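Chemist: Sequence and computational prediction follow.
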2 protein chains.
Amino acid sequence: MPSYNAPIRDIEFVLHEVLNVTENDVAGYADLEPEFTSAILEEAGKIARDVLAPLNASGDLEGCRLENGVVHTPKGFKEAFEAMKEGGWNGLDIPEEYGGQNLPYVLASAVGEIFVSANMAFNMYQGLTHGAISAILAHGTDAQKTTYVPKMTSLEWTGTMNLTEPHAGTDLGMLRTKAEPQADGSYRITGQKIFISAGDHDMSSNVIHLVLAKAPGGGESTKGISLFIVPKFMVKEDGSLGARNSLSVGKIEEKMGIHGNATCVMNYDGATGYLLGDLHKGMRNMFTMMNEARLGVALQGYAVAEPAYQNAVIYAKERIQGRAVTGVANPSGAADPLIVHPDIRRNLMDQKSFLEGARAFTYWGASLIDAAHRSGDKAADAMISLLTPVLKGFLTDKGFEVAVNAQQVFGGHGYIEETGMSQFARDARITMIYEGANGVQALDLVGRKLAADGGKPVMAFFDMVKTFIKENEGDEALKAGFLEPLKAASKDLQAAGMYFMQQGMKNPNAALSGSNDFMHLFGHVCLGLMWARSAKAALAALAAGASDKDFYETKIATGRYYMARQLPMTATHLARIQSGAEPVMALPAEAF
Amino acid sequence: MPSYNAPIRDIEFVLHEVLNVTENDVAGYADLEPEFTSAILEEAGKIARDVLAPLNASGDLEGCRLENGVVHTPKGFKEAFEAMKEGGWNGLDIPEEYGGQNLPYVLASAVGEIFVSANMAFNMYQGLTHGAISAILAHGTDAQKTTYVPKMTSLEWTGTMNLTEPHAGTDLGMLRTKAEPQADGSYRITGQKIFISAGDHDMSSNVIHLVLAKAPGGGESTKGISLFIVPKFMVKEDGSLGARNSLSVGKIEEKMGIHGNATCVMNYDGATGYLLGDLHKGMRNMFTMMNEARLGVALQGYAVAEPAYQNAVIYAKERIQGRAVTGVANPSGAADPLIVHPDIRRNLMDQKSFLEGARAFTYWGASLIDAAHRSGDKAADAMISLLTPVLKGFLTDKGFEVAVNAQQVFGGHGYIEETGMSQFARDARITMIYEGANGVQALDLVGRKLAADGGKPVMAFFDMVKTFIKENEGDEALKAGFLEPLKAASKDLQAAGMYFMQQGMKNPNAALSGSNDFMHLFGHVCLGLMWARSAKAALAALAAGASDKDFYETKIATGRYYMARQLPMTATHLARIQSGAEPVMALPAEAF
């Protein structure tokens, strides 16, 4: 069975040495002293290792069951969920007045990474609840906030998001779920929703569904959509639970992975719902939470691959097979450990250099959300809006790749479910799909974000890269290994952006034919920037005589690998982009 | 449930217009007239569509069961296997004296593609049998051939290959299975083998296991290994079945995919075995069949992705979601079909251009095997030895990618097992692992094949590419779209080869650090060459006034896509290779 140990030193390096959180003037950041954050991370790491990770494989094997309308989670999930409640983990970044601790989102993200790595399917029950809380806090009335949020913060109740219908996924304008206004101000909700993660379960006393539906008067398009709170059990004035609402689980989907999470078909049969936010503004309300929700999936993308990498490393050190090409490395054994072989090393370095860069990128994104939400920083808000599709699309595509590559280290043993390596790949696969499939992320990036506000956010991004390079070009230790590759990659990104601008108006297909490549190109530049910053921090620590020299030297070598072996991808992405729409769109649909 | 229709027109295009099989002077090729091959392909296509494909998803869901020592295959497999027996499909390329039809391997490969596409797990029962037949024909005594081959050809008996042990996968020198010589000339085989595909089942009356084991006197290394025939039921003089041999199924492995195939742990407890080929030459004997076995997995790699692509196309045409960026395409519907969206198109073109190129590459490989085996063509033998790791490694890595990308077209529906898209990805995953994990293929390519015979085979490959370009450079229709990208890619491949040669002796890690990239670079050049040849054939057909103009124009456009959008990868692979061993090997093992 795979093990997991939270990479706390790596997490702290990003928080304190790359992002320098305590020097950031976002509200609450000054409190993020290393001693404080490490106490929290250590505690999260313990629960992850001892409580959550041991249920990951068994949860996958057992899955969820629907019996007489009741969803049963796998053995041990209930007890683990009690531990999450007791620790107050779901309320880390929720305001104190609603039972939370009001800590920055960046710290909640670091903790979230640890929980996802340990058991992604399990963590989704609270992750979805957290998303629903954010929606209620952003758009609810005071009464709604008081009624729902404290009990969801404590996980006494959990939450879900109900968007998709059988015929309407990306295209929510086609939703059919109806909301009929009632005399008492409530609505009758009728329709079927599918793919509802954590849709029902046996670990909390109520489930608060947030449901997109069409109320009269808004028309047929997305403009007719409103958002509703639809509790599983009605909530009385005093907060106690009343009658069962008219909603039920149609079935639990059989999926490729995340078997420990109940993905439900939800049937609403005239269920009572309450409008959340303004009528007919449901889509806009969903969008306000989208950056955070998508960052959460970006985080899942690499976090689920982290234990895959950890176990690949353990296996590569233990499994002996063949001899090193440079001479016997393990003379007392019948063979050398896998890790001596250059192609195994290449594979592990691909994984390691991605994972650490992805972590820095994600926490940077989280810090931008903090700046936007906690300090009203509009530039940060614009930047995270631009970067959100890159985070979501690039990190989940690559995270899946890492999980698959980690599985490959195990050879045939990786294909056998017993080693647990297949599960990481199967679980990782969903992150490329949900919360907007990655093709939709690429479309959002190129079709919307790139031109947003006259291109100011993307120009700000280029300026930031340029400024970093300029400020550091006197540093010979950074120059060849980091600044030059970053400069070349950034130039490729600018050339791609320029190509889109020239084509955009007259040939929108040309821009969209390159959208997937652009998202990846952008992702590489972001990870290149993260690695250049990380290397700078590591060099500074070494220059200051840090005692854990090996840690910093490893950081620099890992970063150099990313720059040398991953950043060259930008040239290929650019070449594809510049080949334009013609090769992509040449065939009529019937020719396929 | 996914459907499958054999792409017979595409298969015939490769056989008759790209490879021009009837003009090839390999023994038996003159008989491959289009009417004859199309009759066979049509018949295979019917069985694939009506018998095998309908059992693919159900076989995955049900899997195999071990009960009281007996392996039960999924519902319907027995009846389908009877259909395979009746059709004589396993004997297509087996000599007539052993009950086969002695047709070329290239045609058997085309039929094999169809069966793998329809149901990979099912087809492995006969695929493994075919491999065992090849081993017996190559190394067996006349008596062994007569005893075993006809009944295996007819599938009355099936076969397996037993190589791996728990501690010995790639490194077969560490095998522990023992073979003790007996007075009657037989051997007592004792040991445990794992990952034995088609290890046991209920569809034939006997299973003929080929087992690698160590007989006394050969030492501890691979030199001590011999190959043995170990039947499940002893075979009497008259060919009838005798007592049960001392071997048993320990368990059936739970795997990520190919659930319809029983992957067994096999226990040999003093089982009676018969030496196959020379004593202590077991490894060499295995190697003589390796090109064919690995080509078979290369074929699986793309063939399992073909139905994934077909179903992605169907879905992309049927599923309506969003509107085309260039204006409404389906005014009578609530939305446009997915296929109007450029990123969906990009994804489908990636799949289509790979699959058709992979088919041509594989059949070319099969024709080289025919030339080597049927006509003793030594240059062909050297060429297929060089290309085998490229075929196996590149086509299976990319085939898996195609299956994953096809799944992506379905959005959330692709993650649900019901649509069957997950199965293609899960099944495809094994092809990257078995018959030598792809890292081992890359090692074989760079560490062995590249320098084989003083580099003559690789020089012959470059000459072939150069000659093709030279012979056709007057053709303006080929030049910009095909010849120039092929030339650039081939130049990258040569530069990489040159880099290895310079580094090889003094720094073997440098060559091996780039082995995976070299394998992929080589694969792209091969597919580039296949597409250039295919385009030439299509242009010739158009010039000759062919009636199915659309077919040829589609071919050319698909090829142009591959050249424009996939071949640019060669530059990135070269850049990675030329970054050398330093970034890859910089860290000590403890730093991971």
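Modeler: Structure's in. What do you need?
Chemist: Check the spacing between A:Phe400 and chain B real quick.
Modeler: Distance of A:Phe400 to chain B, given as CB to the nearest CB, to the nearest Å: 8 Å. In this view, the C-beta of every residue, glycine as well, is placed from N, C-alpha and C.
Chemist: Also A:Ile369?
Modeler: Using CB to the nearest CB, A:Ile369 is found at 26 Å from chain B.
Chemist: in the helix or strand that contains that residue, what counts as buried?
Modeler: Assessed by DSSP states H and E, A:Ile369 sits inside helix A:342-375. Neighbour-count burial for helix A:342-375, with 16 or more other CB atoms under 10 Å in any protein chain shown as criterion, is recorded at A:342-374.
Chemist: and what of stretch A:542-550?
Modeler: Across stretch A:542-550, burial judged by 16+ other CB under 10 Å covers A:Leu542.
Chemist: got it, and stretch A:42-50?
Modeler: For stretch A:42-50, burial by neighbour count (16+ other CB under 10 Å) applies to A:44-45, A:47-49.
Chemist: Ok, stretch A:417-427 next?
Modeler: Within stretch A:417-427, the residues that count as buried by 16+ other CB under 10 Å are A:417, A:419-427.
Chemist: Could you do stretch A:441-453 as well?
Modeler: Buried residues in stretch A:441-453, counting neighbours by 16+ other CB under 10 Å, are found at A:441-447, A:449-451.
Chemist: Intersect the residues you listed with the contacts of chain B.
Modeler: The subset of the buried residues of stretch A:441-453 within reach of chain B, by CB under 8 Å from any CB of the partner chain, is A:442-443, A:447.
Chemist: so the host helix or strand of A:Ala108 versus helix A:342-375, what angle?
Modeler: In this assignment (DSSP H and E), A:Ala108 forms part of helix A:105-118. Using axes from the mean of the first three to the mean of the last three CA atoms, to 10 degrees, the direction of helix A:105-118 lies 140 degrees away from that of helix A:342-375.
Chemist: Now the residue lying closest to A:Val111 once chain neighbours are set aside: which helix or strand?
Modeler: Excluding the flanking residues, the one nearest A:Val111 by CB to CB, 6 or more residues apart in numbering or on different chains is A:Ala44, at 4.7 Å. If you go by DSSP H and E, A:Ala44 is part of helix A:34-47.
Chemist: Report the mean confidence score over that helix.
Modeler: Per-residue pLDDT values across helix A:34-47 average out to 98.
Chemist: relative orientation of it and helix A:105-118 in degrees?
Modeler: If you take the same axes, to 10 degrees, helix A:34-47 sits at 20 degrees to helix A:105-118.
Chemist: just how off-centre is helix A:34-47 within its chain?
Modeler: 21 Å (CA atoms, centre = their mean, to the nearest Å).
Chemist: Read off the pLDDT value for A:Met501.
Modeler: Confidence score, pLDDT, at A:Met501: 87.
Chemist: Could you check how far it is from A:Gly447?
Modeler: Distance check for A:Met501 against A:Gly447: by CB to CB, to the nearest Å, it reads 13 Å.
Chemist: The lowest-mean-pLDDT helix or strand in chain A packs against which elements?
Modeler: Here the helix or strand of chain A ranked lowest by mean pLDDT, DSSP states H and E is helix A:282-288, holding a mean of 87. Contacts defined by 3 or more CB pairs under 8 Å, 6 or more residues apart in numbering or on different chains; DSSP states H and E place helix A:282-288 against helix A:120-139, strand A:206-214, strand A:225-231.
Chemist: what does the lengthiest strand in chain A contact?
Modeler: Looking across chain A with DSSP state E, the single longest strand is strand A:264-275. The contact list for strand A:264-275, computed with CB atoms under 8 Å, 6 or more residues apart in numbering or on different chains, reads A:71, A:144, A:160, A:162, A:177, A:179, A:182, A:185-194, A:196, A:199-200, A:209, A:211, A:213, A:215, A:226-230, A:234, A:245-253.
Chemist: what does stretch A:370-389 give?
Modeler: Contact with stretch A:370-389 is made by A:24-29, A:104-106, A:290-291, A:294-295, A:365, A:368-369, A:436, A:441-442, A:444-445, A:449-450, A:452-453, A:456-458, A:460-461, A:519, A:526, as judged by CB under 8 Å, 6+ apart.
Chemist: No further questions, thank you.
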